[in-house]
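K.L.:
my questions are about this predicted structure, shown below with the sequence.
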Amino acid sequence: MSRHLGLDVGGTNLKWAVVERDLEPRVLKTGVLPTDTRGGEQSVVRQLLDVAKTVFADVEGVESVGVGMPGVLEPEAGVTKFIPNIPGHWDGVQVIGPMTDAVRSPARLINDARAFALAEHGFGAGRGARAMLGITLGTGVGGGLILDGQLYLGHEGTAGEFGHQTILPDGPRCGCGNHGCLEALARADAIAAACGQSSVEAAVAAARAGDERAQHGLREAARYLGIGASNVVVLLAVDRIVIGGGIAAAGEMLLDPIRQEIARRVHVTDVARITVVAGELGIWAGAIGAALHGST
């Protein structure tokens, strides 16, 4: 048996989970608190270290730390490069060096969407899948790949950037600098605007209440997501697609049009074998995945 801490940093909240690995892994303890962004990147990193030290003091036998963060990272160096949705100057910020010193235990860095995929594959809706695409929908659109039963990270941990494939060549500018990325079409604020609502939560509620504009906006977002998913299916032959994040609360209003788009566009493999499902781990997926990554 071993115990491992996972930290999942977002622009709003910092979530943590202690995972106990035995014959059957289990989540031992979790916690959440508002992310301290008052001092930019310095206050965020300081908070990460403080939370980790507190958990190590309170929970006996924790052996490692995994830190999940959004944006572009250098996981092997333990350094951030570009994080658009957390205030601060994140280019070249050391995270893992200070963490290792603070808790005197091994620590690893991972993109939060990759952590989501790892967690859902090990604990949630992706259990048993040989090839899986994990999709996170929220402020941005992220992704992670499980290939041959293992998390595939690629060069510098960047494999699985589902949201930064080009869907409309001359589409709206994305935060990454490209035009027409899936993220620019299906992130939370884009969906809210397409639905004529102030937030994606309001958009989902309006669609459920029968608002035609909101329903059309959700269908359009699902169509774009389905196109992106079809590309991954054709290229990598994934057999399961697991979707999480706030927008996934739309449930079948989102999932069913994605399935329909895959069926419409994929003709090189049997689409009947591909399942598209919502994640099972809710807000804890990123922290659980970070803990699993840190334990390896």
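P.N.:
Cool, got the structure. Predicted model, so just to flag it, every value in this text is computed and none were measured.
K.L.:
drop to CA atoms for contacts and neighbour counts, all remaining ones
P.N.:
OK.
K.L.:
just the strands in this structure please.
P.N.:
2-9, 13-21, 26-34, 62-69, 72-74, 79-82, 93-94, 107-111, 132-137, 141-147, 150-152, 240-244, 275-278 (DSSP state E).
K.L.:
how about residues contacting the fifth one?
P.N.:
Pointing back at strand 72-74 there. 79-83, 110-111, 156-158 (CA atoms under 8 Å, 6 or more residues apart in numbering).
K.L.:
how about the helices in the stretch 51-200 of the chain?
P.N.:
96-103, 112-123, 182-186, 188-194, 200-208 (DSSP state H, counting those that start in this stretch).
K.L.:
redo those as a markdown table? Include mean pLDDT, distance to Cys174 and mean neighbour count.
P.N.:
Output for the helices of the stretch 51-200 of the chain, formatted as a markdown table (pLDDT from 0 to 100; distance: least, CA to CA, whole Å; neighbours: other CA atoms under 10 Å):
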| stretch | mean pLDDT | distance to Cys174 | mean neighbour count |
| --- | --- | --- | --- |
| helix 96-103 | 97 | 29 | 18 |
| helix 112-123 | 96 | 18 | 29 |
| helix 182-186 | 96 | 5 | 27 |
| helix 188-194 | 96 | 11 | 21 |
| helix 200-208 | 96 | 18 | 20 |
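K.L.:
right, so of the strands of the chain, which gets closest to Ala214?
P.N.:
For Ala214, the closest of those is strand 132-137, at 17.2 Å, according to CA to CA.
K.L.:
what's that closest one packed up against?
P.N.:
Under the contact criterion of 3 or more CA pairs under 8 Å, 6 or more residues apart in numbering; DSSP states H and E, strand 132-137 touches helix 112-123, strand 141-147, strand 240-244.
K.L.:
possible to save the ones you listed as TSV with distance to His4?
P.N.:
Converted to TSV, the helices and strands packed on strand 132-137 look like this (distance: least, CA to CA, whole Å):
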stretch	distance to His4
helix 112-123	13
strand 141-147	21
strand 240-244	23
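K.L.:
could you point out which of these sits nearest Ala222?
P.N.:
Nearest to Ala222, of those and by CA to CA, is strand 240-244 at 11.6 Å.
K.L.:
distance of the residue lying closest to Ile247 once chain neighbours are set aside relative to Asp189?
P.N.:
Of all residues not flanking Ile247 in the chain, Leu137 sits nearest, at 5.7 Å (CA to CA, 6 or more residues apart in numbering). The gap separating Leu137 from Asp189 is 11 Å, by CA to CA, to the nearest Å.
K.L.:
could you give the number of residues near the closest residue to Ala229 other than its chain neighbours?
P.N.:
Nearest residue to Ala229, sequence neighbours excluded (CA to CA, 6+ apart): Ile262, at 7.0 Å. Neighbourhood size, Ile262 [other CA atoms under 10 Å]: 24.
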